[in-house]
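Participant: structure, please.
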Amino acid sequence: MEKWQILMEWSCDPEAVVIPEGDTDRLIDWLRDQPIETWHRVVMTWNYDYANEALAWILQQERCDKGTAARVFLVEGLAYWLFDAAKNAGLANDEANVCRIVLKNWHRYRTSEFNHNYEVSEEMLNNVLSMRTEDYLVDTPLEEIMTYQGKHDAVSDYESSDGQIVVSMNVWMKSKGIGIS
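Facilitator: Numbers count the residues shown, from 1 in each chain. Model prediction:
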């Protein structure tokens, strides 16, 4: 079977769904029992158009990896938060915002293992670091987050897909006896 066919079957298979979209309480309960590798895979595959409560929960955990936190900050922060917060003090100081959580907790995170796989160009780095004088960024670990480099990718049997938790495609393929041709 070709990869695109496998992807279509996997994405349509209800047996691949572990936690359905919109069941945030159940998702967070499920995350409590998962290793940090799964947390990282969930963050790496998260669709940021969906609610961020699960991401906020992960980021508030002491055992969250710095690579996981960096991924959230880079995706959400560089796309929206850093620049929107510069114009809106309420957003800049919103303690529930995932970027604010990362800035607050960065030094609490115990491990620095996982790659965030987000390309930060030299120009982008310089532009963001020039913002350090903004009130909401003073005395934050902004530079450490922007220059963070992990050691390896996280591996898990699970990931996220459009607001739900699913069995990873590789695990699903193995369970179905499917291979790529």
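Participant: report pLDDT for the closest residue to residue 41 other than its chain neighbours.
Facilitator: Spatial nearest neighbour of residue 41, chain neighbours left out: residue 156 (4.0 Å); criterion: CB to CB, 6 or more residues apart in numbering. C-beta here means a position set from N, CA and C on the backbone, and glycine is covered the same way. Turning to residue 156, the model gives it a pLDDT of 97.
Participant: tell me the pLDDT at the residue minimising distance to the centre of the chain?
Facilitator: Centroid check for the chain by CA atoms, centre = their mean gives residue 43 as the closest residue, at 2.6 Å. pLDDT for residue 43: 97.
Participant: just the terminal-to-terminal distance for stretch 127-136.
Facilitator: Using CA to CA, to the nearest Å, the end-to-end distance of stretch 127-136 comes out at 16 Å.
Participant: what residues of that stretch count as buried?
Facilitator: Neighbour-count burial for stretch 127-136, counted by 16 or more other CB atoms under 10 Å, picks out 128, 136.
Participant: could I get the average pLDDT for it?
Facilitator: Mean pLDDT, stretch 127-136: 92.
Participant: equivalent analysis for stretch 83-100, please.
Facilitator: Mean predicted lDDT for stretch 83-100 stands at 94.
Participant: who touches it?
Facilitator: Identification of contacts with stretch 83-100 by CB atoms under 8 Å, 6 or more residues apart in numbering yields 52, 55-56, 59, 72-73, 76-77, 81-82, 101, 104, 131, 134-136.
Participant: go on, stretch 166-177?
Facilitator: Here stretch 166-177 has contacts from 6-7, 10, 13, 15-18, 41, 156-160, 179-180, using CB under 8 Å, 6+ apart.
Participant: 7 Å instead?
Facilitator: Contact partners of stretch 166-177, identified using CB atoms under 7 Å, 6 or more residues apart in numbering, comprise 6-7, 10, 13, 16-18, 156-159.
Participant: need the CA coordinates for it. PDB is fine.
Facilitator: Extracted in PDB, the C-alpha atoms of stretch 166-177 (Å, rounded to 0.1, in the frame of the first residue of the first chain):
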ATOM      1  CA  VAL A 166      -4.400   8.800  18.400                       C
ATOM      2  CA  VAL A 167      -2.200   5.700  18.200                       C
ATOM      3  CA  SER A 168       0.800   6.700  16.100                       C
ATOM      4  CA  MET A 169       0.600   5.700  12.400                       C
ATOM      5  CA  ASN A 170       3.600   3.300  12.800                       C
ATOM      6  CA  VAL A 171       2.000   1.500  15.700                       C
ATOM      7  CA  TRP A 172      -1.400   1.400  13.900                       C
ATOM      8  CA  MET A 173       0.300   0.000  10.800                       C
ATOM      9  CA  LYS A 174       2.000  -2.700  12.800                       C
ATOM     10  CA  SER A 175      -1.300  -3.700  14.500                       C
ATOM     11  CA  LYS A 176      -3.100  -3.900  11.200                       C
ATOM     12  CA  GLY A 177      -0.200  -5.800   9.400                       C
END
